[in-house]
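> build me a structure from this.
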Amino acid sequence: MDVGEVVADLVFIVRAPVDGVDNAVNESAKLSRAWRRIATVMRAFNNPWALPRGFRRELLSIANSYFTAGSDPSITFLALMSKFSNWLNQQLDWQGKALTAVIIIAVMLGVASFMAILGAPPTVSIIGIALLPIIHHYQVELVRYDYTKPAMAGLIGGLTAFTLGNYLVGLGATRLWFITALGFGVGFAVLYMPQFIRFVANYLGLPQRVLSSFNDLLTVPNPQPPRPLTVVERDLKPLWDYAYGVGVREFVERVNMVVDSLIDFIRRSVMMGFIYGPFIAVGYAFMVFTAYVLAGIHATAITGLGMPISLDPQLVNATLMPLAITTSILVGKAMHSVGLGISLVPIFLAPLIPLIW
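Reported below is the predicted structural model:
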C-alpha cells in the first residue's frame, strides 16, 4: 500500500467539504496517480458513478451528494471520515486474513515439499514465492531501500563461497549449493541490515514526530513541518503545508483527525506483520524436526525387513534448502520487507548444517 495514495485520499477528505468536489479532486490529482485517473473521468463525464467500483468512487459520491445538497461542511467531513475509517479497518481485516492464508499455504507447501522422499520435485516449495504479491498488496510501504549495493555484496559473497567450496575444498553439489546460498545471504545482510536498523530507529519515533508536528499547528506560533525521515513524513508534508496555509482552527482540527487515523492504521498494520510473520516458519520448523527424527531412525530395526527402507539424505537436504530460503523470504516480507527475508536466510539455513555435514 502506497502511503502517498492514502495521503491523497486525506487531502480530498479535508478539502471537499470546504473547496468543493472539483477543486478537491484536482488537488488530490497532484499527489496521486489514481486521483489523476479520477480527475480525467470526472472531466469527461462529470459523474462519480462513471468511475470503476471502489473506495474512492464511494468517497467521491458521498462528497458530491452532500456538497450538492448544501450540507454543513462539518457534516460532510464526518461522513467522509466515517467512510475512510471503515475502509482502514477493512484493510486491516483483509491483511489479517491474507497473512493467515499465507501461513496455512506455507505449512502445506512444507509438507508437500517433504514428499520429495516419495518422488515429488524437491523444489516444489519455491512456489511459495508466488505469495509475495499477496503480502505486498496489504502492506504499508514505510521505506524504500537501496537494494543495489546489498545485491552486489550478496553476489560477491555467494561467488566467493562457491569458488572456495568448488575449487579449494571440492565440496559435493548439495554442500556447494548450501554454502553459496549462505554466502549470498551473509553478503546481502552486511549492507542491508544497517539500512534496516536506521529505519527502525526512525520508525520508533514516527508517531510522536508526526502527531507533534500537526498538533503544533494548533498550539505553536511558528510550527515546523514534519522532517522527511521516512516515506510517511515526506508524503504528509503537502497536507501539513495546506493546513498551515489555511490556518483556520476548525480546519486544522479536521486535518489532525485524519492524520491520527492514518498513524493508528500504520501502527496496527506493522504490528500485525510482526505478529503473523514468524508463524509462517512453523511448517519449515516441523519439517526440519521431522528430518532430524528420520535421520536417527534405523529402518531395518523398526520394520524387521531384510532390506532397509531407502531414505536418501541428499534428497531430503536438497528439499529442505529451497524450503528454508522460501520460508525466510516470506517471513521477512510479512514482517517488513523482502530484504529482511534475504538477510534471514543464513539463520534459516543454520539448522541444516548438522544434516548436511
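> flag every buried residue along stretch 344-357.
Residues 344-346, 348-349, 351-352, 355-356 are the ones in stretch 344-357 that count as buried (16 or more other C-beta atoms under 10 Å). From N, CA and C alone the C-beta is placed, and that goes for glycine too.
> contact partners of it?
The contact list for stretch 344-357 (C-beta atoms under 8 Å, 6 or more residues apart in numbering) reads 174-175, 178, 181-182, 184-186, 188-189, 281, 284, 288, 291-292, 295, 313, 316-317, 320-321, 324-325, 327-329, 331-332.
> filter the residues you listed down to the ones in helices?
174-175, 178, 181-182, 184-186, 188-189, 284, 288, 291-292, 295, 313, 316-317, 320-321, 324-325, 327-329, 331-332 (DSSP state H).
> what subset of those residues is buried?
Neighbour counting with 16+ other C-beta under 10 Å marks 174-175, 178, 181-182, 184-186, 188-189, 284, 288, 291, 316-317, 320-321, 324-325, 327-329, 331-332 as buried within these.
> that older thread, go through the buried residues of stretch 344-357 and say which is closest to residue 134.
Closest approach to residue 134 among those (C-beta to C-beta): residue 344, at 19.4 Å.
> give me the phi and psi for the closest one.
When read as degrees, to the nearest 10, the backbone of residue 344 gives phi -90, psi -10.
> picking up where we left off before, got CSV for the buried residues of stretch 344-357, with secondary structure, pLDDT and distance to residue 108 too?
Listed next are the buried residues of stretch 344-357 as CSV, based on DSSP: H, G, I helix; E, B strand; the rest coil; pLDDT from 0 to 100; distance: C-beta to C-beta, whole Å:
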residue, secondary structure, pLDDT, distance to residue 108
344, coil, 94, 21
345, helix, 93, 22
346, helix, 94, 26
348, helix, 93, 18
349, helix, 91, 22
351, helix, 89, 21
352, helix, 87, 21
355, helix, 80, 22
356, helix, 79, 25
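> which secondary element of this protein has the worst mean pLDDT?
Of all helical and strand segments in the chain, the minimum by mean pLDDT, DSSP states H and E falls on helix 299-303, at a mean of 47.
> next, count neighbours for residue 110.
Residue 110 has 27 neighbours, counted by other C-beta atoms under 10 Å.
> just the pLDDT at it, thanks.
pLDDT, residue 110: 80.
> pretty sure it contacts residue 327?
Yes. Counting by C-beta atoms under 8 Å, residue 110 does reach residue 327; the two are 7.5 Å apart.
> what is in contact with those two at once?
Residues touching both residue 110 and residue 327 by C-beta under 8 Å, 6+ apart: 125, 283-284.
> among these, find the lowest-pLDDT one for me.
residue 125 (76).
> where's that one relative to residue 179, distance?
20 Å (C-beta to C-beta, to the nearest Å).
> tell me the contacts of the residue nearest to the spatial centre of the chain?
By C-alpha atoms, centre = their mean, the chain has its centre lying nearest to residue 139, at 3.7 Å. By C-beta under 8 Å, 6+ apart, the residues touching residue 139 are 1, 95, 269, 273, 333.
> now do residue 243
When contacts are counted by C-beta under 8 Å, 6+ apart, residue 243 touches 14, 214, 217, 251-252, 255.
> could you dump these to a markdown table with pLDDT and distance to residue 261?
Shown next, in a markdown table, are these (pLDDT from 0 to 100; distance: C-beta to C-beta, whole Å):
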| residue | pLDDT | distance to residue 261 |
| --- | --- | --- |
| 14 | 88 | 12 |
| 214 | 90 | 12 |
| 217 | 87 | 17 |
| 251 | 84 | 16 |
| 252 | 87 | 15 |
| 255 | 89 | 11 |
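> noted, bye for now.
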